[in-house]
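Student: Sequence first, then the predicted structure, then my questions.
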Number of protein chains: 2
Amino acid sequence: MRKGKSTKVDGDDRIGETGATPTDFGPLATWVGFNLRMAQEASFEAFSHHSAAIGENPGRFATLTLIGRNPGIRQTELSAASGRDKSSLTPVVEDLVRRGLVERKRVDSDRRAYRLNLTAAGRKTLALMTRAARKHERNLDRIIGPRDKKRFIDTLKRIAAEIE
Amino acid sequence: MRKGKSTKVDGDDRIGETGATPTDFGPLATWVGFNLRMAQEASFEAFSHHSAAIGENPGRFATLTLIGRNPGIRQTELSAASGRDKSSLTPVVEDLVRRGLVERKRVDSDRRAYRLNLTAAGRKTLALMTRAARKHERNLDRIIGPRDKKRFIDTLKRIAAEIE
């Protein structure tokens, strides 16, 4: 169980684990940064449970999807698309190669560049993970509501593209 | 520079790093989970830059704020409030204690429980970090816009509280 679940951060309904004094969140209660982290961690943990059921690491899902959708994608492009810098992407790719899910080939014209493809096993794993991700997305959709979803995603995209 | 910044995920304006073929994000483009992670990572990285300027780790900010706002808070309550389970919170608290920012005392009635307080140095560091966080929040506010902010935060809180 995720301990954070038991504490609501909304000013008038905050019961700490002791059940006695409510926790004072101070400015965190109305700050975007803190609430973005709490939502992301709760969402990631929920998806981890769905992924664990198929023996996979949830952090691999976006990488597998991007390689599957873009056969021969270069590692630099994958890095840009997945928001991971080279130093955090390389071990992820190496793990996928070692486990036989991804195939890595050097680019003839540029010996420092790699092109990535899914193997048959990678496609199978991606299909299973996509099913788990769809279930997770339906749960998120139910919470957000169809009316607010587009605007919510647009705001998240603007933050990812513009914050500095 | 954050590589992800150069790639917009919005369907008609997706240019990969090669500048040639746009990256196909497939279902990720409209999925909440992926966009939540991209926004959180970009926001966290931006806050890291602000925090690095004062020599601090951005991951410590919420912990210091919660201890500062709730003198004598128990580690279990802090765990619930900060959304970290015990195994990830303990090393954070130990690091803060080692660096003289937080003081940890055993609870007399329960030898397994700890109460936490900021030291004078901890209060000074928290004041500096709060200033950096305010700046970061103003940047987020500018992106989100005052009209959408409340609804955006409410949605994040609902996700944190309800997703499973």
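Tutor: Yep, it's here.
Student: List the contacts of A:A113.
Tutor: Going by CB atoms under 8 Å, 6 or more residues apart in numbering or on different chains, A:A113 touches A:R74, A:Q75, A:T76, A:R106, A:V107. Glycine gets a C-beta too; all of them are placed from N, C-alpha and C.
Student: which outside residues touch whichever helix in chain A runs longest?
Tutor: Longest helix of chain A, by residue count under DSSP state H: helix A:120-144. By CB under 8 Å, 6+ apart, the residues outside helix A:120-144 that reach it are A:43, A:46-47, A:50-51, A:53-54, A:56, A:60-61, A:64-65, A:67-68, A:96, A:100-103, A:118, A:149, A:152, B:27, B:31-33, B:155, B:158-159, B:162-164.
Student: Run through chain A and note the low-pLDDT ranges.
Tutor: Scanning chain A for pLDDT under 70 picks out A:1-20.
Student: Surely A:K157 and B:N35 touch.
Tutor: Yes - with contact defined as CB atoms under 8 Å, A:K157 reaches B:N35; the gap is 6.0 Å.
Student: Neighbour count for the two, which is higher?
Tutor: Set A:K157 next to B:N35 and count neighbours by other CB atoms under 10 Å in any protein chain shown: B:N35 wins out with 22 against 17.
Student: name the element that one belongs to?
Tutor: Element membership of B:N35, judged by DSSP states H and E, is helix B:32-52.
Student: How about A:A62?
Tutor: Going by DSSP H and E, A:A62 is in helix A:61-69.
Student: ok, the helix or strand just after that helix: who's next to it in the sheet?
Tutor: Using DSSP H and E, the next helix or strand after helix A:61-69 towards the C-terminus is strand A:73-74. Sheet pairing of strand A:73-74 (DSSP bridges) gives strand A:110-118 (antiparallel).
Student: on that earlier part again, compute the inter-axis angle for the longest helix of chain A and helix B:32-52.
Tutor: Put simply, helix A:120-144 runs at 80 degrees to helix B:32-52, going by axes from the mean of the first three to the mean of the last three CA atoms, to 10 degrees.
Student: buried residues in helix A:120-144?
Tutor: A:122, A:125-126, A:129-130, A:132-133, A:136-137, A:139-140, A:143-144 (16 or more other CB atoms under 10 Å in any protein chain shown).
Student: mind checking how far it is from the chain centre?
Tutor: Centre-to-centre, helix A:120-144 and its host chain are 11 Å apart (CA atoms, centre = their mean, to the nearest Å).
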